[in-house]
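# the sequence and its predicted three-dimensional model are supplied below.
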Amino acid sequence: MPKLNILIAGSTGYIGVQLIKLLINHKDINIKYLCGNSSVGKKISYYDKSLEKKKLPSIIRFNKKYLKSVDIIFTALPNGEAQTISKYLLKHNTLIDLAADFRLKNKSDYFKWYNQKHKASRNIRKSIYALPEISGNKVKNYSIIGCPGCYPTSILLPLIPLVKQNAIDTKNMIIDSKSGYSGAGRSVHKKYKHKNLYDSLSAYGVGFHRHNSEIEQELKKYTNSKIEFNFTPHLTPMFRGILSTIYLDLKRGFSIVKIQKILKEFYKKKDFVKIFENNTLLSTDNVINSNNCYISVCETKYKNKIIILSVIDNLIKGGAGQAVQNMNLKFDFKKKEGLK
């Protein structure tokens, strides 16, 4: 079969560059256009020296006329910009968005959490929130694929199977997540210019981080019980990786052994999620530069409480890798193509 042509809009950010590094090894696609605004005319190797010897197009400004000659558009842009591009899509186009433009199914929720009106609310119904291990082949029915945020990926993968089995108390969940500073994008040094990124740990978005919205939205799909949780993200002095520590109360009749069994059964045929033996201590180092999510269930001094550890690479499983994973599902490519 001929290769599919792709366009990447927002190709110079950390996620965009990571996406390129994955796709150059994908045998089924051809990178036709790399788009940016402030970087027009530059080579992508300006942003990553490892791409210097790769045959890649120079960066150009996005124009809707390019959509005629591409099959897939990846958008790794500031929130709101993929909505505009979605208005120009042609019948043969698939849009895979790595920002938040098509994560929330209610336009009023988008306004509440992102403080801007949705510019393409009619296209929300054409989109799917696609966490690959959960949504699977459903992506084939949609022309717009909204990839989850990095924090929600690390949180929803362990929680959804447990919520589905009514195994945990959904009214008292505590989620503590720590991320490498690449999650804040290339402008991180401007945003935090008064903080020493390389020697300090910083809490931010306490109680009201935007990712609260999609965590709640997705968990509500699998239970009629009330969803209540506290989610606190932290910026750490490392470049990439996320460790989410999730504190849970068990429902009566469930034990740490049963919880691990539920997770192992749910993910036994999933290539990128691994459930470890109980009480295994996990590190972000276990998953860096991979599309894997590693999960461990840990006991506490209370029999009715557990702590779950979940680790991912925020730029791959929490970003570019997940987008490639969704593309592979959408177009029936090999599951691990571009992700080995």
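All right, it came through fine.

# low-confidence bits of the chain, can you list those?
Along the chain, the model assigns pLDDT under 70 to residues 187, 189-195.

# can you give me the buried ones in the top helix by length along the chain?
In the chain, with assignment by DSSP state H, the single longest helix is helix 150-164. When neighbours are counted by 16 or more other CB atoms under 10 Å, the buried residues of helix 150-164 are found to be 150-163. Yep, even glycine has a C-beta here, placed from its N, CA and C like the rest.

# how does this structure divide into domains?
4-148+318-330, 151-314 (automatic domain parsing).

# for residue 337, find the nearest of those.
Counting by CB to CB, residue 337 lies closest to domain 4-148+318-330 out of the domains of the chain; the figure is 5.6 Å.

# ends of that closest one, how far apart?
Start to finish, the residues bounding domain 4-148+318-330 are 12 Å apart (CA to CA, to the nearest Å).

# start to end distance for stretch 114-121?
14 Å.

# cool, stretch 182-200 as well?
End to end - CA to CA - stretch 182-200 spans 15 Å.

# ok, now stretch 59-79?
End-to-end distance (CA to CA), stretch 59-79: 21 Å.

# which parts of the stretch 51-200 of the chain are helices?
81-86, 107-114, 132-135, 150-164, 188-191 (DSSP state H, counting those that start in this stretch).

# would TSV of the ones you listed with distance to residue 233 be doable?
Formatted as TSV, these follow (distance: least, CB to CB, whole Å):
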stretch	distance to residue 233
helix 81-86	23
helix 107-114	14
helix 132-135	22
helix 150-164	6
helix 188-191	13
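
# which of those helices sits closest to residue 257?
Comparing these by CB to CB, helix 150-164 comes nearest, at 13.6 Å.

# who does that closest one touch, helix- and strand-wise?
Contact here means 3 or more CB pairs under 8 Å, 6 or more residues apart in numbering; DSSP states H and E; on that basis helix 150-164 packs against helix 132-135, strand 173-180, helix 211-220, strand 229-236, strand 242-249, helix 256-266, strand 293-299, strand 305-312.

# ok so, going back, where's the longest helix of the chain relative to the chain centroid, distance-wise?
12 Å (CA atoms, centre = their mean, to the nearest Å).

# quick check: angle from that helix to strand 229-236?
150 degrees (axes from the mean of the first three to the mean of the last three CA atoms, to 10 degrees).

# compute the inter-axis angle for helix 150-164 and helix 256-266.
Here helix 150-164 runs at an angle of 110 degrees relative to helix 256-266 (the same axes, to 10 degrees).

# what about the residue lying closest to residue 219 once chain neighbours are set aside, distance to residue 172?
Of all residues not flanking residue 219 in the chain, residue 227 sits nearest, at 5.1 Å (CB to CB, 6 or more residues apart in numbering). Using CB to CB, to the nearest Å, residue 227 is found at 11 Å from residue 172.

# and if you look at residue 43?
Relative to residue 172, and taking CB to CB, residue 43 is found at 52 Å.
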